[in-house]
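# take this sequence and fold it.
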Amino acid sequence: MRQRHNLLWGILLMLLATITVLTSCGKDDEPDMTIGYYIEVEEGFLVNGTEDHTDRYYNPITMMREVTKTAYPKNTASGDDDAVIKACDELYQRYNEMYTGKAEHLTCLLHLVRADLSGDIVKHSERIRTYNFDINPIDNED
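Numbering: from 1, shown residues only. Take a look at the predicted model:
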């Protein structure tokens, strides 16, 4: 009688384990992967090497984030590298043209990053473009 009781419990446990494994392998357990873009700041916005007077200029970090969001407002499964790069390139060019020839030296180093997302979690990312703002550099004559 005891052997039969143990056999029944064993079968029940195996059945329960099988059901647990099969139900946890469903496709709905994880959100679908999507592509997103963000701006990574390596060197913040500086005027003449300091944060003084940055309020006198448009901040390239804020502007890059805005154009990225405008060019690619919603994450999708395929992404749109071309649209995001084009928008950021155009902003970079306009920004440089706007401030070239002014009195102060403006610097900032940004990276456009493509991210593979599972929900809000970044599973993988890669830098796809770097923007080095170095406007009106000071000539050092030694």
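
# for the residue nearest to the spatial centre of the chain, helix, strand, or coil?
In the chain, the residue lying closest to the centroid (CA atoms, centre = their mean) is residue 38, at 3.3 Å. For residue 38, the assignment made with DSSP: H, G, I helix; E, B strand; the rest coil gives strand.

# swap in residue 70?
Under three-state DSSP, residue 70 falls in the helix class.

# surely it touches residue 87?
Yes - counting by CB atoms under 8 Å, residue 70 does reach residue 87; the two are 6.8 Å apart. C-beta: built from backbone N, CA, C; applies to glycine.

# just want to know which of these two has more residues nearby.
Neighbour count, other CB atoms under 10 Å: between residue 70 and residue 87, residue 87 has more, with 21 against 12.

# ok, and the closest non-adjacent residue to that one?
Excluding the flanking residues, the one nearest residue 87 by CB to CB, 6 or more residues apart in numbering is residue 71, at 3.7 Å.

# for the closest residue to the residue nearest to the centre of the chain other than its chain neighbours, list each beta-bridge partner.
Spatial nearest neighbour of residue 38, excluding adjacent residues (CB to CB, 6+ apart): residue 113 at 5.3 Å. Beta bridges link residue 113 to residue 38, residue 127 when assigned by DSSP bridges.
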